[in-house]
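In: Task: produce atomic coordinates for the following.
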Amino acid sequence: MACLHDHSCEDHDCSSDWSLYKHIDIPKLSALNEAVPGSVKAVFKAWEQRLNSSEGFLESNEGDPELIVFIPFTSDVKIKSISIVGGADGTSPNKMRAFINREGIDFSDAQSMQAVQEWDLAENLQGVLEYQTRYSRFQGVGNLTLHFPDSYGGDTSRIQYIGLKGEATQLKRDVIATIVYELMPNPSDHKTKSESGGGMSHVE
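Out: Numbers count the residues shown, from 1 in each chain. Predicted coordinates:
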């Protein structure tokens, strides 16, 4: 379901609402079927820059409008809504499907797997529409995969902005990994008495 903003952005700091892009692990962003490798990184930016395509945009290969975008986060996030600004002349994607905490999804997987949620997209050229998530399902998101199966009749799909509204947890994902590692005993950290010259071989 798409909804319009319920406030004037002149009176409200929309940029702070759509600030989850700051928690995206940009070097690990990826897209399948992008015409220009690495171009997916250009579509995650501040809200006020959503209509600015001077830094680039994401476009599928000619004749094949299907796209998959993999979005890893530096901390677990909760996602309330998503905004997609597509291209003109039929190149806006017409549908979006979301998968959570699943890495390595390809087109075959996306077509056969059950999405967490699906949306029919409007041609949102001005970036005034947002798509609500089923919020209870979008908790503890470490990575998000978005599948765009088709466009509005164009030979390609073009996306110039993907906005994510929500909040991030305070604990970074690399910190969580470190904690888990520290909780797992490392035998090399515990010398036995036999290794130290004693007669007993149990771990102290």
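
In: Please pull out the lowest mean pLDDT helix or strand from the protein.
Out: Least confident helix or strand of the chain, by mean pLDDT, DSSP states H and E, is helix 173-183 with a mean of 53.

In: residues contacting the spatially most central residue of the chain?
Out: Closest residue to the average C-alpha location of the chain: Ile71 at 2.8 Å, with CA atoms, centre = their mean. Shown here is Ile71, whose contacts under the criterion CB atoms under 8 Å, 6 or more residues apart in numbering are Ile24, Leu29, Phe44, Asn143, Leu144, Thr145, Leu146, Ile162, Leu164. (Each C-beta comes from the backbone N, C-alpha and C, glycine too.)

In: Out of the residues you listed, list just those in helices.
Out: Judged by DSSP state H, these include no members of helices.

In: what pLDDT, on average, does the helix or strand the residue nearest to the centre of the chain falls within get?
Out: For Ile71, the enclosing helix or strand under DSSP states H and E is strand 67-86. The average pLDDT for strand 67-86 rounds to 97.

In: could you point out which element follows that strand?
Out: strand 95-100.

In: Distance check, Val116 against Leu144.
Out: 9 Å (CB to CB, to the nearest Å).

In: what do you get for Ile105?
Out: 11 Å.

In: again with Glu123
Out: 23 Å.

In: again, but for Ile68
Out: Distance from Ile68 to Leu144, by CB to CB: 11 Å.

In: Can you show me the strands along this structure?
Out: 2-4, 30-32, 58-59, 67-86, 95-100, 117-120, 129-132, 141-148, 158-172 (DSSP state E).

In: if you skip the residues just before and after it, what's nearest to Gly153?
Out: Gly90 (4.1 Å; CB to CB, 6 or more residues apart in numbering).

In: Kindly state the neighbouring-residue count (a burial measure) for the one you found.
Out: Using other CB atoms under 10 Å, Gly90 is surrounded by 17 other residues.

In: begin at 185 from here
Out: All set: I'll call the first residue 185, so the last point we hit is now Gly274.

In: Would you confirm that it contacts Asp334?
Out: No - using CB atoms under 8 Å, Gly274 is not in contact with Asp334, being 10.6 Å away.

In: circling back to that earlier point, how distant is the strand holding Ile255 from the center of its chain?
Out: Averaged C-alpha coordinates place strand 251-270 at 3 Å from its chain's average position (CA atoms, centre = their mean, to the nearest Å).

In: pLDDT below threshold where in this structure?
Out: 185-201, 355-388 (pLDDT under 70).

In: can we see that at 80?
Out: Applying pLDDT under 80 to the chain flags the ranges 185-202, 354-388.
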